[in-house]
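Asks: Pasting a predicted model and its sequence here:
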Amino acid sequence: MTAERLSRDDFNRPTLHVARGLVGSYLVRNIKGRRMSAMIAETEAYKGPRDAASHAFGGRRTARVEPLYRDGGTVYVYLVYGMHWLLNFSTAGAGNPEGVLIRAIMVEEKGTSRFIVGPGLVTRYLQIDKRHDGIDATTSNQLWLENRDERVRGIKRGPRVGVDYAGAYWAARPWRFWIEAR
DNA sequence: TGTCCGATATCCT
DNA sequence: GGATATCGGACAT
């Protein structure tokens, strides 16, 4: 099996392309020398200043969202509802505060595959939190992505989850991509 | 299927 | 100082 780490160019592409492309890629996590990996099963695109569901809507630029403004592949991790860390990767190049949220993964355990659905559960499983905010996934030895020689078929597409606060129009954009358990 | 609620960093007034 | 949030679990219906 070949495994090729995702590079800057892979992230510095249009965000919807990256979001779709990340489904079927692998998240790799190195925890004190022990390696975990998980296939990405669901993503969502957040398209920056013009997207009312984005943290960078209207060009907002606070300390929290600064990683989104950096080069593609920068990790953006933040806390919601006081207890859930959410994992995102910056896309579309430096200065464009767009990104992709990782909503679900598939892991291999005891010879069988298991889906972990929900962005807060993904980070809990992979032990990702504020410590990883701002790191560069194209060079980090803590967290990175790989493409493996595996065909992913049947990617579905639909509205994003949990963004009703952004209004009906933005909540309805079909910017979520996923594969289902088989 | 629906309602409720935990727990807190961050943002805005 | 007050409101809110890219959620998840529990429990009732």
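Replies: Ah, there it is.

Asks: Look up how far DNA strand C lies from A:Arg34.
Replies: Applying C-beta to the nearest atom of the strand, to the nearest Å, the value for A:Arg34 to DNA strand C is 23 Å. From N, CA and C alone the C-beta is placed, and that goes for glycine too.

Asks: Show me what that residue bridges to in the sheet.
Replies: For A:Arg34, the beta-bridge partners are A:Ile31 (DSSP bridges).

Asks: Show me the helices in chain A, by range?
Replies: A:8-11, A:15-22, A:66-69, A:119-126, A:168-171 (DSSP state H).

Asks: which residue ranges form the strands in chain A?
Replies: Listed in chain order, the strands of chain A (DSSP state E) span A:3-5, A:26-31, A:34-46, A:75-80, A:84-91, A:98-109, A:112-117, A:143-148, A:156-158, A:176-178.

Asks: Distance to A:Pro97 and mean neighbour count for the helices of chain A - can I get that in JSON lines?
Replies: Shown next, in JSON lines, are those (distance: least, C-beta to C-beta, whole Å; neighbours: other C-beta atoms under 10 Å):
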{"stretch": "helix A:8-11", "distance to A:Pro97": "13", "mean neighbour count": "18"}
{"stretch": "helix A:15-22", "distance to A:Pro97": "10", "mean neighbour count": "22"}
{"stretch": "helix A:66-69", "distance to A:Pro97": "4", "mean neighbour count": "20"}
{"stretch": "helix A:119-126", "distance to A:Pro97": "19", "mean neighbour count": "19"}
{"stretch": "helix A:168-171", "distance to A:Pro97": "16", "mean neighbour count": "13"}
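
Asks: So which of these is nearest DNA strand C?
Replies: Set against DNA strand C and scored by C-beta to the nearest atom of the strand, the helices of chain A come closest in helix A:119-126, at 3.1 Å.

Asks: and the closest one, how far from the chain's centre?
Replies: 11 Å (C-alpha atoms, centre = their mean, to the nearest Å).

Asks: If you check chain A against DNA strand C, which residue is the closest one?
Replies: Closest point on chain A to DNA strand C, by C-beta to the nearest atom of the strand, is A:Gly162, at 2.0 Å.

Asks: before we move on, the earlier item: now tabulate the strands of chain A in a markdown table and tack on mean neighbour count and mean pLDDT.
Replies: Listed next are the strands of chain A as a markdown table, based on neighbours: other C-beta atoms under 10 Å; pLDDT from 0 to 100:
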| stretch | mean neighbour count | mean pLDDT |
| --- | --- | --- |
| strand A:3-5 | 13 | 93 |
| strand A:26-31 | 18 | 97 |
| strand A:34-46 | 21 | 97 |
| strand A:75-80 | 18 | 98 |
| strand A:84-91 | 24 | 98 |
| strand A:98-109 | 22 | 96 |
| strand A:112-117 | 14 | 95 |
| strand A:143-148 | 18 | 97 |
| strand A:156-158 | 12 | 96 |
| strand A:176-178 | 21 | 97 |
